[in-house]
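Peer 1: Predicted model and sequence follow; I will ask about them next.
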Amino acid sequence: GENVEQHPSTLSVQEGDSAVIKCTYSDSASNYFPWYKQELGKRPQLIIDIRSNVGEKKDQRIAVTLNKTAKHFSLHITETQPEDSAVYFCAAGYSTLTFGKGTMLLVSP
Amino acid sequence: DTAVSQTPKYLVTQMGNDKSIKCEQNLGHDTMYWYKQDSKKFLKIMFSYNNKELIINETVPNRFSPKSPDKAHLNLHINSLELGDSAVYFCASSQGTGRQYGYTFGSGTRLTVV
């Protein structure tokens, strides 16, 4: 089955800095790589996703990159704001998603 | 309108009891899931149903039994609850298998076994 590793487990940045979260996966059949944001006490919500036929995707301050050869993908958040503070999950899969263990991002004003 | 709704939101019960959690989605999705999120925030797949049929059953004690009366509903029944069952349980749905479209999660059910 798929195995997804996510790093770091916690990340503290100052407001305005960039944040990068990295994930690796094991199953070369995986072709879909979403990222979810979970605020305290809330449900995980999809913030951006990428498919295996694309190397990079950007949506305002958020971007995701995918390297299929190396089996790793990353989330980049620029100009971080305090409201970006949350737990971020990467996931990978073909039909069912396997999630990473999450990264707690703390953005200090 | 809530896309994926779960009830109850909170559930506190004693060890040994039997309880159910209900999930309904109004998105017209074909596939529904149950995930367990433990205290360390790890999201682990428990079950996956596609058009009312079980397609994934991960290593979960047989005290957990999912039921899907139709493709819009996926309920979770738990027998003989144990302390280790305490967690947040998330229902989710997606467009279908074969090509993943991403999940829409319910708001979660926080189960506390005392």
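Peer 2: Perfect, thanks for sending it.

Peer 1: List the buried residues in the worst-scoring helix or strand of chain B on mean pLDDT.
Peer 2: Every helix and strand in chain B was compared by mean pLDDT, DSSP states H and E; the lowest is strand B:53-57, with a mean of 75. Neighbour-count burial for strand B:53-57 flags residue B:56 (criterion: 16 or more other C-beta atoms under 10 Å in any protein chain shown). All C-beta atoms are positioned from the backbone trio N, CA, C, and that covers glycine.

Peer 1: And chain A, is that strand touching that?
Peer 2: Yes: contact of strand B:53-57 with chain A (C-beta under 8 Å from any C-beta of the partner chain) involves B:55, B:56.

Peer 1: what's in contact with the helix or strand following that strand?
Peer 2: Remark: after strand B:53-57, the chain's next helix or strand is strand B:64-70, criterion DSSP states H and E. With C-beta atoms under 8 Å, 6 or more residues apart in numbering or on different chains as the test, strand B:64-70 has contacts from B:32, B:34, B:46-47, B:49, B:52-54, B:74-79.

Peer 1: Convert strand B:64-70 to PDB, retaining C-alpha atoms only.
Peer 2: C-alpha atoms of strand B:64-70 as PDB (Å, rounded to 0.1, in the frame of the first residue of the first chain):
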ATOM      1  CA  PHE B  64     -16.600  -1.500  13.900                       C
ATOM      2  CA  SER B  65     -19.200  -2.200  11.200                       C
ATOM      3  CA  PRO B  66     -20.100   0.300   8.500                       C
ATOM      4  CA  LYS B  67     -23.500   0.300   6.800                       C
ATOM      5  CA  SER B  68     -24.400   2.000   3.600                       C
ATOM      6  CA  PRO B  69     -28.200   1.900   2.900                       C
ATOM      7  CA  ASP B  70     -27.700   4.000  -0.200                       C
END
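
Peer 1: hmm, back to that, now list the buried members of the contacts of strand B:64-70.
Peer 2: Buried subset of the contacts of strand B:64-70 (neighbour count, 16+ other C-beta under 10 Å): B:32, B:34, B:46, B:47, B:49, B:74, B:75, B:76, B:78.
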